[in-house]
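**Q** this one's sequence-less:
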C-alpha cells in the first residue's frame, strides 16, 4: 500500500499502543522475567489471534468472548507461562478486563512519541475504547495531556465511555477530527487491532496504521513495528 503523503494529524489508540496490561508482577511471581518490549510482542501476538477469530465470524456475539479469551491464552503462552503460571496470567487479564483496572505498563517509546510527532508538525489526538478514565490514566503515566503540561501535548482525548460510541463505529473519530481541524483523508489512526482500529479508520475515510510488534500482518494497510518508526512514517521520513 502506498503512503498518503499529506498527513496533517494522527489519532492514537491507547491499549496495545501506549499502554499494556499490568501482568509483569504475576509473571514474576512464577519466576518469569518479561520486559515491556517482550510483553508488547506477546500482546500483539494475542491480538492477531483475536483478529483472526473475529474476521472468521464477524458480528457473532459468542465469538467476541471466545476471541478475547484466545487473546489472553496467547499472551500467557507468548510470555513463556505454562501450567499454574498460564492460568494465573489468564485469570489476571480477565480480572483487568472485567474490573476496568488501568493498563499501567508503558509501551516502549510511548513517553516520547507525542513530542516526536509534534516536532514534525503532526497534530495528535487520542481515541480509545475505554470507560471514561483514560485521560486521567495518560496524565498519571506521564504519556500526554490536553494542553500544556509536563508530558506530550495532545489536542483531544476521546474516550468511548464519555462520548458513547466505540470503535469499530467510525463515528467515534468525529470527536477527534473536529478539534484537530483536519479532514479524515489527511488524518491517520494508529491502533493494534485490525477488527477495531483498522476497520474503523477505513470506514471513517482515514489512513489506518496497524501497530504490529510481531511484524507478521500482511494486510493491505500501513504498518509500524515500534512507536519509534511512527514519526518518520507519518511525516515522510
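**A** Thanks, I have the structure now. Bear in mind the structure is a predicted one, so any value in this text is a computation, not a measurement. Numbering: from 1, shown residues only.
**Q** Does the residue lying closest to residue 56 once chain neighbours are set aside belong to a helix, a strand or coil?
**A** Among residues not flanking residue 56 along the chain, residue 63 sits closest, at 7.7 Å (C-beta to C-beta, 6 or more residues apart in numbering). All C-beta atoms are positioned from the backbone trio N, CA, C, and that covers glycine. State at residue 63, reduced to three classes by DSSP: H, G, I helix; E, B strand; the rest coil: helix.
**Q** mind checking pLDDT for residue 63?
**A** Residue 63 is assigned 72 on the pLDDT scale.
**Q** hang on, it packs against residue 54?
**A** Yes. With contact defined as C-beta atoms under 8 Å, residue 63 counts as touching residue 54 (6.3 Å).
**Q** Which one of those two is surrounded by more residues?
**A** residue 54 (23 against 17; other C-beta atoms under 10 Å).
**Q** Would you check how far apart the more buried one and residue 73 are?
**A** 15 Å (C-beta to C-beta, to the nearest Å).
**Q** Make sure I have this right: residue 70 is in a strand.
**A** No. Going by three-state DSSP, the assignment for residue 70 is helix, not a strand.
**Q** Please, which helix or strand holds the closest residue to it other than its chain neighbours?
**A** In space, and not counting its chain neighbours, residue 70 is closest to residue 49: 5.0 Å by C-beta to C-beta, 6+ apart. Under the criterion of DSSP states H and E, residue 49 resides in helix 36-56.
**Q** Please point out which parts of that helix sit buried.
**A** Buried residues in helix 36-56, counted by 16 or more other C-beta atoms under 10 Å: 38-51, 53-54.
**Q** what's the answer for stretch 161-169, then?
**A** 167-169.
**Q** of all these, which comes closest to residue 203?
**A** Checking those against residue 203 with C-beta to C-beta, the nearest one is residue 168 at 6.8 Å.
**Q** Thank you, goodbye.
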